[in-house]
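Trainee: Provided below are the primary sequence and the corresponding predicted coordinates.
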Amino acid sequence: MPKRRKQAKAVAAAAILPAWIKPLAAPLIISACIHVAVVVTFVAMDVLPGSGGPIAAHVSDDVTTSIQLAPSPAPLPNPEPEIAQPPAPQPAVAEVAPPAAIETGKAVEIAEETAFESAPAPVPAALPVPVVEKAPVAVQPPTPVNLPKVEAPVAGFAGVQVRKAHRIVYAVDVSGAMAACLDSVLLELRRSIGRLDAEQQFQIVFFRQELSGEQRAVAIDDRGGKASMLGASTENKRRVDQLLRSARPLGRSAPLAGLKRSLELAPDVVFLLTSNIQRSDHGAAHDAAILKSLDDLNPISRVSGRRPVVIKTLQFVEDDPTGLMQSIANAHGDGPGSYVLLKVADIERPER
């Protein structure tokens, strides 16, 4: 019965509708049903989430594709409402009237009050401090520092020494007059060279007059009249020792030639070693010529008053009767002891 009533109402309503609506009634009803079904489907998907799965698939002859969807995210909790913080109180700023609104008299009073308040408190005057005179402190002199004393190098021959001798030349007479004592002289010469320090330099000049009358003066390693000073090294001392053992006396003496060659080497001291020079004496005039030549070769300095080279003359076996060796020592030596007469026994004593 109720069903029939609803159908009757529908027929009555359809009868009431205008004539132009009747053809469209069926499509509209169908469309409304479809839309209602779609909406219900989407609502059901949101309310009842599930695991993802393929929502579309296209199958062709050779390719299969699928798109995966992630499950719907869970709803986030509602954020707690933020509590508004009250604003920080601002410091009160005193309102200052513009300068034009302040009267002149009041401005002066305010300025005076401000100056009085900002002025520092007066500092009481300091009491006078009594001056106490201090006794003078005795200044101690600085303690002297004892530095090691550096001594100048010394060179010597058979007890005859010369200080400040960096460059030493031994002028050795190898004439026939030295035949009786040459071995002893060369022995002492090796001793003298052996005592030299490594910082010193030395050279040996052998002089004589050949049987042909030629005067010769030759230094060690002398090539074409050019030789240099030798360092007092162990190697040079050994080499010179071998050379001295081979020297042989011959001819006559030629002291001026030996002294001239020795002074060309610019030494500090020259030891002139000779014997029986009277055999080469040619008279007083000849000796004076030798002394004049030495003055030209070793002149006295106008500044220091000394000669640049000290010449020590050492006469062997017998005293020089001509006085030439004594005159050379007096003019070019460094004081008493510049001329020394040595016997063979003096130079053959054990090492001093």
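Mentor: Sure, I can see it.

Trainee: Am I right that residue 227 is in contact with residue 206?
Mentor: No - Residue 227 is beyond contact range of residue 206, at 11.6 Å (criterion: CB atoms under 8 Å). Just so you know, the C-beta spots here come from the backbone N, C-alpha and C atoms, and that holds for glycine as well.

Trainee: More neighbours: which of those two?
Mentor: Taking neighbours as other CB atoms under 10 Å, residue 227 and residue 206 compare with residue 206 leading, 21 against 18.

Trainee: Which elements pack onto the helix or strand harbouring that one?
Mentor: Assigning secondary structure by DSSP states H and E places residue 206 in strand 201-209. Packing partners of strand 201-209 (3 or more CB pairs under 8 Å, 6 or more residues apart in numbering; DSSP states H and E): strand 167-173, strand 215-219, strand 230-231, helix 255-263.

Trainee: How about the contacts made by residue 329?
Mentor: By CB atoms under 8 Å, 6 or more residues apart in numbering, the residues touching residue 329 are 311-313, 338-339.

Trainee: Just those: which are in helices?
Mentor: Among the contacts of residue 329, no member falls in helices (DSSP state H).

Trainee: Report how many residues lie close to residue 268.
Mentor: If you count neighbours by other CB under 10 Å, residue 268 ends up with 20.

Trainee: Kindly report the same for the one 3 residues further on.
Mentor: Here the number of neighbours of residue 271 (other CB under 10 Å) works out to 27.

Trainee: still on that earlier bit, now list whatever residues contact both of residue 227 and residue 206.
Mentor: With CB under 8 Å, 6+ apart, residue 227 and residue 206 have common neighbours residue 219.

Trainee: quick one: residue 203 and residue 222 touch, right?
Mentor: No - with contact defined as CB under 8 Å, residue 203 does not count as touching residue 222 (9.2 Å).

Trainee: who has more neighbours, these two?
Mentor: Counted by other CB under 10 Å, residue 203 and residue 222 do not tie: residue 203 has more neighbours, with 23 against 15.

Trainee: give the contact list for residue 231.
Mentor: When contacts are counted by CB under 8 Å, 6+ apart, residue 231 is found next to 198, 201.

Trainee: ok, now with 6 Å
Mentor: Taking CB atoms under 6 Å, 6 or more residues apart in numbering, we find residue 231 in contact with residue 201.

Trainee: Mind listing residues that contact the strand holding residue 206?
Mentor: By CB under 6 Å, 6+ apart, the residues outside strand 201-209 that reach it are 167-172, 174-175, 215, 217-220, 229-232, 251-252, 254, 257-258, 261-262, 265.

Trainee: Can you flag the buried ones in these?
Mentor: Among the contacts of strand 201-209, the ones that count as buried by 16 or more other CB atoms under 10 Å are 167-172, 174-175, 215, 217-220, 229-230, 232, 251-252, 254, 257-258, 261-262, 265.

Trainee: quick revisit: redo the contacts of residue 329 as TSV? Include neighbour count.
Mentor: TSV is the format used below for the contacts of residue 329 (neighbours: other CB atoms under 10 Å):
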residue	neighbour count
311	27
312	25
313	28
338	21
339	22
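
Trainee: Can I get stretch 308-325 as PDB, trimmed to CA atoms?
Mentor: Output in PDB follows, covering the C-alpha atoms of stretch 308-325 (Å, rounded to 0.1, in the frame of the first residue of the first chain):
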ATOM      1  CA  PRO A 308     158.500  47.300   7.700                       C
ATOM      2  CA  VAL A 309     160.700  44.200   8.000                       C
ATOM      3  CA  VAL A 310     162.900  43.100  10.900                       C
ATOM      4  CA  ILE A 311     166.200  41.500   9.900                       C
ATOM      5  CA  LYS A 312     168.000  39.200  12.300                       C
ATOM      6  CA  THR A 313     171.500  38.200  11.400                       C
ATOM      7  CA  LEU A 314     172.900  34.900  12.700                       C
ATOM      8  CA  GLN A 315     176.600  34.300  12.100                       C
ATOM      9  CA  PHE A 316     177.900  30.800  12.500                       C
ATOM     10  CA  VAL A 317     181.200  29.300  13.700                       C
ATOM     11  CA  GLU A 318     183.300  32.600  13.700                       C
ATOM     12  CA  ASP A 319     182.500  36.200  14.200                       C
ATOM     13  CA  ASP A 320     182.200  38.400  11.100                       C
ATOM     14  CA  PRO A 321     185.400  40.500  11.000                       C
ATOM     15  CA  THR A 322     184.100  42.800   8.300                       C
ATOM     16  CA  GLY A 323     181.300  44.200  10.600                       C
ATOM     17  CA  LEU A 324     178.700  43.900   7.800                       C
ATOM     18  CA  MET A 325     176.400  41.500   9.600                       C
END
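
Trainee: All set now, cheers.
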